[in-house]
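Enquirer: Dropping the sequence and predicted coords here.
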Amino acid sequence: EFNAHQSGGRIISLDDENILLTIGDYRSRHLSQNLNSVFGKIIKINIKTSQYKIVTAGNRNAQGLYFDEENNFLIQTEHGPFGGDEINLIDIEKIYKDKIQNYGWPISSGGEHYPSVVEYNPNIYKKYPLHKSHINYGFIEPIKSFTPSIGISEVVKIGKNKYVVSSLKDKSLYFITLNSKNELQKIIREEVF
């Protein structure tokens, strides 16, 4: 089922020595949870030594990645399957402590497998169950899950705790505001244009 459409590929600078690269699962779902593979991961690459480390696992197809230096976290946007596009927060301190943060794909997701995939492989939910809870299975919950999918794309910061996320599918911009960084991060306001 290898599919290059699920390849991710956002690159951002983390610091003077490291960049971050998102890599999709290429529809090789099992590799997202396999720590011997870079598929379905975000990796930190040292630009001086060319060495890399996995910083997140359980990603499907990350499209947006923004480093909010003021709040010291990353915001990542990710295409879900049939529904379940996500906005995730990634803890910078855990990156520097080499703690891999896991976002659950393909064990947990707000979406479902595409009907054509289920028709082709009726046992797919046994292997990749797509539980609706992330935290109950030891994963990090997204701060937002879109069902139906919006074709989520880039994310940028536009003000203190304010961000805009673009949508390819419905050709819209989603303006979101997060609460104070001293609290558990969550969206407290959302507007769509």
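Expert: Received, thanks. Numbering: from 1, shown residues only.

Enquirer: check contacts around the residue sitting nearest the centre point of the chain.
Expert: Geometric centre of the chain, nearest residue: E78, 4.2 Å, by Cα atoms, centre = their mean. Neighbour list for E78: N59, R60, N61, A62, Q63, D85, E86, N88, Y103, P142, I152 [criterion: Cβ atoms under 8 Å, 6 or more residues apart in numbering]. Every residue, glycine included, has its C-beta placed from N, CA and C.

Enquirer: For the helix or strand hosting I12, what is the distance to the chain centroid?
Expert: Element membership for I12 (DSSP states H and E) is strand 11-13. The chain centre lies 15 Å from the centre of strand 11-13; the measure is Cα atoms, centre = their mean, to the nearest Å.

Enquirer: what does stretch 179-193 give?
Expert: That offset, for stretch 179-193, works out to 17 Å (Cα atoms, centre = their mean).

Enquirer: What residues sit buried inside that stretch?
Expert: Applying a neighbour-count criterion of 16 or more other Cβ atoms under 10 Å, one finds Q185 buried in stretch 179-193.

Enquirer: show me where the chain has strands.
Expert: 11-13, 18-23, 41-46, 52-57, 62-68, 73-78, 85-91, 101-102, 144-146, 152-159, 162-167, 173-178, 187-192 (DSSP state E).

Enquirer: sorry, back to before: tell me how confident the model is about the strand holding I12, as a mean pLDDT.
Expert: For strand 11-13, mean pLDDT rounds to 97.

Enquirer: by contact count, what packs against that strand?
Expert: Counting contacts by 3 or more Cβ pairs under 8 Å, 6 or more residues apart in numbering; DSSP states H and E, strand 11-13 is packed against strand 18-23, strand 62-68.

Enquirer: In CSV: these, plus mean neighbour count, mean pLDDT and distance to I135.
Expert: Shown next, in CSV, are the helices and strands packed on strand 11-13 (neighbours: other Cβ atoms under 10 Å; pLDDT from 0 to 100; distance: least, Cβ to Cβ, whole Å):
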stretch, mean neighbour count, mean pLDDT, distance to I135
strand 18-23, 21, 97, 22
strand 62-68, 21, 95, 20
